[in-house]
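Student: One predicted model, sequence on top.
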Amino acid sequence: MAVYTDITDQELEAFLAEYDLGAPLAFKGIAEGVENSNFLLETETGRYILTVYERRARPEDLPYFLDLLGWLADRGYPSARPIADKAGKNLKTLRGKPAAIVEFLPGLSVRKPTPAHCREAGEGLAWLHLSGEGYAGRRANDLGQPHWAPLFSKHRQAAEDLKPGLSAVIDKDLAELSLAWPRNLPTGTIHADYFPDNVFFKTDGKFAAAIDFYFACDDAYAYDVAVTLNAWCFEADGSFNVTAARALIAGYERRRPLSPAERDALPILARGAAIRFFLTRLADWNATPAGALVRPKDPLEYERKLAVHREGLSLFGSSQ
Ligand SMILES: Nc1ncnc2c1ncn2[C@@H]1O[C@H](COP(=O)(O)OP(=O)(O)O)[C@@H](O)[C@H]1O
Ligand SMILES: N[C@@H](CCOP(=O)(O)O)C(=O)O
């Protein structure tokens, strides 16, 4: 579960006294998620999510994330608008840690996405990219391609412990990716963690909302598509579902057609995206003590995806 920080009733009441949200009616920790502590908060005025920022979120980045949520919501994108306190501040402190209240968004994520979900999710991603245009906040991708080799150098032994011989294979991946990495694709504000647990659907299966923008940054739009293909289009047996992938891309292109260069780059971007999540999972695997409340995500799931990408994805068939 992801509640690293407990909040007492007295602390909550004192915190809420700084807002115009009315008295609390219900407050409970949310088990899902791994990065931050999240609470479902119900007050006299409605439902909200209270987040206490932990772990990776750097305090200096939080205004970028919160302003982005507000920017997207102002443009009609279904993201959780931050709630300002009586003084107009949306970034606050609780238990000595940064904290914020955002709107509660209705909808449910899916554990096993179908191609129909992939289509909807793809369209939701393109909508996000278009809605982010003009956002003035800037944040370099601190988990982008230039950062992978330095990150891996700290966790080589963990890779060897997981699978003897793996560190040499990853070194080769990193070298090949560095040479082949596309550098001139259209860029903008991307989500960078658009996984099934961060996308909500309505009961009719239509896209409802996206949450968890705490890896958002400036990078290639097609890289965000590649992250999404990896997260949504692999089967439990490790095989890549090309039908789901084509549906995801078709959904994306309902709103934002990919250029030929973006399409051509998808296989190498997806290989890089697989390394990025392998590396952060590896780092977390190493850092999570046995018996911790949060179970780290399996790095080898992403190593298996990497192995698929080493063979090269054929996404569009021979006619395109
Ligand atoms: N705005 C929101 N509306 C409704 N539920 C939310 C919202 N934000 C977060 N949640 C719930 O909290 C869970 C964890 O949130 P998430 O941002 O993914 O956490 P973490 O950053 O720790 O991974 C989500 O799976 C979802 O159930
Ligand atoms: N999606 C990442 C981990 C980040 O978790 P989230 O719960 O914040 O989406 C992964 O799968 O490695």
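Tutor: Everything's here; your move. Residues are numbered from 1 along each chain as shown. Ligands and ions are numbered 1, 2, ... in the order given.
Student: Can you list the neighbours in contact with the host helix or strand of Q157?
Tutor: When elements are assigned from DSSP states H and E, Q157 belongs to helix 156-162. Residues from elsewhere that reach helix 156-162 (CB atoms under 8 Å, 6 or more residues apart in numbering): F152, L166, S167, I170, L282, A283, W285, N286, P299, L300, E303. Every C-beta, even on glycine, is put in place using the N, C-alpha and C of the backbone.
Student: State the helix or strand in which the residue of the chain found nearest ligand 1 lies.
Tutor: For the chain, the nearest residue to ligand 1 under the criterion CB to the nearest ligand atom is G33, separated by 2.6 Å. No secondary structure element spans G33, as it lies outside all helices and strands (assigned by DSSP H and E).
Student: I'd assumed D212 was in contact with it.
Tutor: Yes. Taking CB atoms under 8 Å as the contact criterion, G33 and D212 are neighbours in contact, 7.3 Å apart.
Student: ok, the closest residue to I83 other than its chain neighbours - how many residues close by?
Tutor: If you skip the residues right next to it in sequence, I83 has I101 as its closest partner in space, 4.4 Å away by CB to CB, 6 or more residues apart in numbering. Neighbour count of I101, defined by other CB atoms under 10 Å: 24.
Student: Just confirm I101 is within a helix.
Tutor: No. Assignment of I101 by DSSP: H, G, I helix; E, B strand; the rest coil gives strand, placing it outside any helix.
Student: gap between it and L108?
Tutor: Counting by CB to CB, to the nearest Å, the gap between I101 and L108 amounts to 22 Å.
Student: Please apply the same query to I30.
Tutor: The value you get for I30 to L108, if CB to CB is used, is 13 Å.
Student: of these two, who's got more company?
Tutor: I30 (16 against 11).
Student: how close does the residue positioned nearest the centre of the chain get to Q157?
Tutor: Ranked by distance to the mean C-alpha position of the chain (CA atoms, centre = their mean), the top residue is D193 at 1.8 Å. Note on D193: its distance to Q157, by CB to CB, is 26 Å.
Student: Flag whichever of the contacts of helix 156-162 scores worst on pLDDT.
Tutor: For those, the least confident position by pLDDT is N286, scoring 78.
Student: residues from the stretch 151-300 of the chain in reach of ligand 1?
Tutor: Taking CB under 6 Å from any ligand atom, the part of the stretch 151-300 of the chain that reaches ligand 1 is made up of D197, N198, I211, D212, Y214.
Student: can you do 5 Å?
Tutor: Those residues of the stretch 151-300 of the chain that sit near ligand 1, judged by CB under 5 Å from any ligand atom, are I211, D212.
Student: Kindly report the same for the stretch 1-150 of the chain.
Tutor: A2, I30, E32, G33, E35, N36, N38, I49, A80, F104, L105.
Student: if we look at ligand 2, which of those residues are close to it?
Tutor: Restricting those to those touching ligand 2 (CB under 5 Å from any ligand atom) yields G33, E35.
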